[in-house]
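got a sequence here, can you build the structure:
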Amino acid sequence: MRAALMAAVVAVTLAATACATAPPRAPVAPPLRFAAPTEPLAAIATVAHESGLFSAHGANVDFVAVDCGIRALDDLLAREYELALASDVALARRTLDTQDFRIVATIAVAEDDSRVVARRSAGIEVAAHLAGKRIGVVRDGQPHCYLHTLLESESLAEDDVELVFLEADEGAQALLDGTIDAYATRPPTIDRLANELGDDAVVLAAPVNPSKMLSLVVHPDVLEHRADELVSVLAALIDAEGDVAPLTGADFTVHLGQDLLVALEEHARWIIGSPCFSKVAETTPIPDTLAVVDPEPLASLDPNRVRLLGWSAR
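Just a heads-up that it's a prediction; the model follows:
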């Protein structure tokens, strides 16, 4: 009996010693918070989330749908998210204020994305009739650029109309209520407004449609501390390419190209000279767009997906 008792004591002592000397478990990293706008061009990210591809590739992602890309980007800058999807216009605008983000991939490109939906009862039949009208738009977003292009095609400037800057969740209702006469927006809101307004709806298209690029943006801390997880996210997005039915005029390919840098610079020139952006001084220099791009995570998966002048894989 005494021998058995001594053996039990020894066993307990050895177990306690093992627990005391065992290395502590590494803390589990919190999920990467990913903000994605509710629009068709975010389809790859949505499919990756709904199909479980993020988890399949070992990425712990908290996927959150938000109203628009500019909000996703601003929330990322406020450290509410680590990853976000934003358009090239939104990115160009924010590069004039900060470079505290990095673009790691473009996930979709559309040549024909935005429209201006107007009310016929407001006296609008064609784009020229927008002069003097109240036009709603989300400031700094892709439809803002589209509206500028449409007005320019009719030799109208922003000063020739009454711009009403709204949040993404306000614009559609403002048009339906008659608070504004027209609204520059994107899918799926275009079809929704056309259906709800019925015969009163006039959908205006610009003769030249500026392309829209939806890109994956990350906080620099992710690149420094969670680069492997970011690569897993990119792998999941690439895996989702084949599951996304192509939209008309849209290309769903995860890549990073020179066309994005050119678009960012062109948009920056428009923003700096536009009266819509009163907070941007005309003397503001064009930012170095390469400073906000990091091709290494995508290149580690497939260097052929990166096409930037003067860059080569490590």
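
contacting residues for F63?
By C-beta atoms under 8 Å, 6 or more residues apart in numbering, the residues touching F63 are F34, A36, A45, H49, F54. Every C-beta, even on glycine, is put in place using the N, C-alpha and C of the backbone.

same thing with T106?
M213, L214, S215, L216, V254, H255, L256, G257, L260.

thinking again about what came up before, which one of the contacts of F63 has the most neighbours?
A45 (29 neighbours; other C-beta atoms under 10 Å).

now that residue: closest residue in space, sequence neighbours ignored.
Leaving aside its sequence neighbours, A45 sits nearest to A36 (C-beta to C-beta, 6 or more residues apart in numbering; 4.8 Å).

confidence score at the nearest residue to T46 once chain neighbours are set aside?
Using C-beta to C-beta, 6+ apart and skipping the chain neighbours, the partner closest in space to T46 is A36 (6.7 Å). At A36, the pLDDT value in this model is 96.

and A36, what element?
Here A36 sits within strand 32-37, counting by DSSP states H and E.

ok, that strand: who's next to it in the sheet?
strand 61-66 (parallel), strand 83-87 (parallel) (DSSP bridges).

so for the very next helix or strand once past the longest one, mean pLDDT?
Next along the chain after strand 61-66, taking DSSP H and E as the criterion, comes helix 69-77. Per-residue confidence for helix 69-77 averages out to 92 on the pLDDT scale.

now the angle between strand 83-87 and helix 69-77, please.
Helix 69-77 runs at 150 degrees relative to strand 83-87, counting by axes from the mean of the first three to the mean of the last three C-alpha atoms, to 10 degrees.

distance between stretch 195-210 and the chain's centre?
Chain-centre distance of stretch 195-210: 24 Å, with C-alpha atoms, centre = their mean, to the nearest Å.

buried ones in that stretch?
L197, D200, A201, V202, L204, A206, N209, P210 (16 or more other C-beta atoms under 10 Å).

so what touches it?
By C-beta under 8 Å, 6+ apart, the surrounding residues in contact with stretch 195-210 are 111-121, 124-127, 130, 142, 145-146, 149-150, 153, 175-176, 182, 190, 193-194.
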